[in-house]
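A.B. asks: With the input below, show me the fold.
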Amino acid sequence: MRRHRIGVGLAVIAGVLTACSTDSPAQEALATAPPAPLNYVALGDSAASGPRIPDQVGEPGCQRSDSNYPHVLAQELAAASFVDVTCSGAVTENIVSAPQGTSSGEVPVQLDALSADTDLVTVTIGGNDIGLVSTAVQCLTFTSTSATNVCKDRLTAGGVDSVAAAIAEHAPTWGAMLDAVAERAPDARILVVGYGTYLPDGGCFPTQPMLPEDADYIQSSITAMNEALKMQANEHGAEFVDTEPLSIGHDVCAAPDQRYFEGVIPQNPAAPLHPTAAGMAAIADGVALVVRGN
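C.D. replies: Numbering: from 1, shown residues only. Model (predicted):
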């Protein structure tokens, strides 16, 4: 059985204090002691790595920022050790079995960063498996004639939703990946960090060049992917962190200083259709609440 070391020290302390009839100064000090520092490893794709957010660190081809949510989270939790192997373009296979080729050379399988000493793992993966960004790019248009330009119609032609089919195809591989993570880090708490609210209801054409029907389709597909990730997390001993609620109102249509995700033409230092530094900080805060609350 996997043991979660996060907060174990506090739980033991609480039990001791309950059993005692007096509250000495030493006991009061113990009761307010912080949890033991964590050994934290971050896995995932560009939704976690932070392409184009300053400052870029590590392998250039991974486009990894020192202000991405794993880095911010490690600081918030005062992690004892921290390893970030998130990499733009990563698919599930790059986490478990296949080294990833990048513009600056090959990077190792992300699973290699884990060990028996790992206490906390975050993983954001799935978007590249189903071609989320490339699908969204297909839906960009500068004409408002919906009769000839509704991307949703093409992606659901013949009654088959191609994105939903891709989600169903890849969901089992996400569960298998979580099993592999747990095997490599048996004492770790594993958090699957989902994808956010990139688009509001109806989008905001022409500010962002996507028709209302297509904007709703893309965001509903993100929600469907999150639901599949949550199901796999629940079935494979991990936890799901839902970032859609915390990013409502901070989508690509929001004012530049309120965006958690950038639009087609970025107004903040971030890759198009990817989190901003503010978005990364908000995600880190959301994950930290989950870690501290359980």
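A.B. asks: All the strands of this protein, residue numbers only.
C.D. replies: 39-44, 56-57, 64-65, 81-84, 100-102, 105-107, 120-124, 189-193, 239-241 (DSSP state E).
A.B. asks: Include mean pLDDT and distance to Ala90 when you put the ones you listed into JSON lines, please.
C.D. replies: No exception for glycine: its C-beta is placed from N, CA and C like everyone else's. JSON lines is the format used below for these (pLDDT from 0 to 100; distance: least, C-beta to C-beta, whole Å):
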{"stretch": "strand 39-44", "mean pLDDT": "98", "distance to Ala90": "7"}
{"stretch": "strand 56-57", "mean pLDDT": "98", "distance to Ala90": "16"}
{"stretch": "strand 64-65", "mean pLDDT": "98", "distance to Ala90": "11"}
{"stretch": "strand 81-84", "mean pLDDT": "98", "distance to Ala90": "12"}
{"stretch": "strand 100-102", "mean pLDDT": "98", "distance to Ala90": "6"}
{"stretch": "strand 105-107", "mean pLDDT": "98", "distance to Ala90": "9"}
{"stretch": "strand 120-124", "mean pLDDT": "98", "distance to Ala90": "9"}
{"stretch": "strand 189-193", "mean pLDDT": "98", "distance to Ala90": "14"}
{"stretch": "strand 239-241", "mean pLDDT": "98", "distance to Ala90": "18"}
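A.B. asks: What's the separation between His250 and Leu199?
C.D. replies: 11 Å (C-beta to C-beta, to the nearest Å).
A.B. asks: These two: who's more crowded?
C.D. replies: Leu199 (26 against 22; other C-beta atoms under 10 Å).
A.B. asks: mind listing what's buried in stretch 132-146?
C.D. replies: Neighbour-count burial for stretch 132-146 flags Leu132, Val133, Thr135, Ala136, Cys139, Leu140, Thr141 (criterion: 16 or more other C-beta atoms under 10 Å).
A.B. asks: these two touch, right, the fourth one and Leu273?
C.D. replies: Pointing back at Ala136 there. Yes - look at Ala136 against Leu273 with C-beta atoms under 8 Å: they come within range, at 5.9 Å.
A.B. asks: Show me where this protein has its helices.
C.D. replies: Defined through DSSP state H, the helices belonging to the chain, from first to last, are 8-19, 25-31, 46-49, 69-76, 92-96, 132-138, 151-155, 162-184, 212-235, 277-293.
A.B. asks: Can you flag the weakest of those helices by average pLDDT?
C.D. replies: For the helices of the chain, the weakest mean pLDDT is recorded on helix 8-19, namely a mean of 40.
A.B. asks: now, of the helices of the chain, which is deepest in the fold?
C.D. replies: helix 46-49 (a mean of 29; mean count of other C-beta atoms under 10 Å).
A.B. asks: Run through who's touching that helix.
C.D. replies: 42, 62-65, 68-70, 84, 86-90, 122-124, 127-128, 193, 195, 271, 274-275 (C-beta atoms under 8 Å, 6 or more residues apart in numbering).
A.B. asks: quick one: Thr143 and Met210, what's the gap?
C.D. replies: Thr143 is 11 Å from Met210, by C-beta to C-beta.
A.B. asks: hey, what's Val192 bridged with?
C.D. replies: Bridge pairing for Val192 (DSSP bridges) gives the partners Val123, Phe240.
A.B. asks: ok, so what distance separates it from Thr122?
C.D. replies: Taking C-beta to C-beta, one finds Val192 at 8 Å from Thr122.
A.B. asks: got it, and Leu77?
C.D. replies: Counting by C-beta to C-beta, the gap from Leu77 to Thr122 is 11 Å.
A.B. asks: residues shared between the contacts of the two?
C.D. replies: The contact sets of Leu77 and Thr122 overlap at Tyr40 (C-beta under 8 Å, 6+ apart).
A.B. asks: who's more crowded, these two?
C.D. replies: Ranked by neighbour count (other C-beta under 10 Å), Leu77 and Thr122 place Thr122 first, with 27 against 22.
A.B. asks: Report the contact partners of that one.
C.D. replies: Applying C-beta under 8 Å, 6+ apart to Thr122 gives the contacts 40-44, 48, 69-70, 73, 191-193, 241, 287.
A.B. asks: Columns distance to Ile95 on top of these, output as a markdown table?
C.D. replies: Listed next are the contacts of Thr122 as a markdown table, based on distance: C-beta to C-beta, whole Å:
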| residue | distance to Ile95 |
| --- | --- |
| Tyr40 | 16 |
| Val41 | 11 |
| Ala42 | 11 |
| Leu43 | 6 |
| Gly44 | 8 |
| Ala48 | 11 |
| Tyr69 | 17 |
| Pro70 | 14 |
| Leu73 | 18 |
| Leu191 | 14 |
| Val192 | 12 |
| Val193 | 13 |
| Val241 | 17 |
| Val287 | 18 |
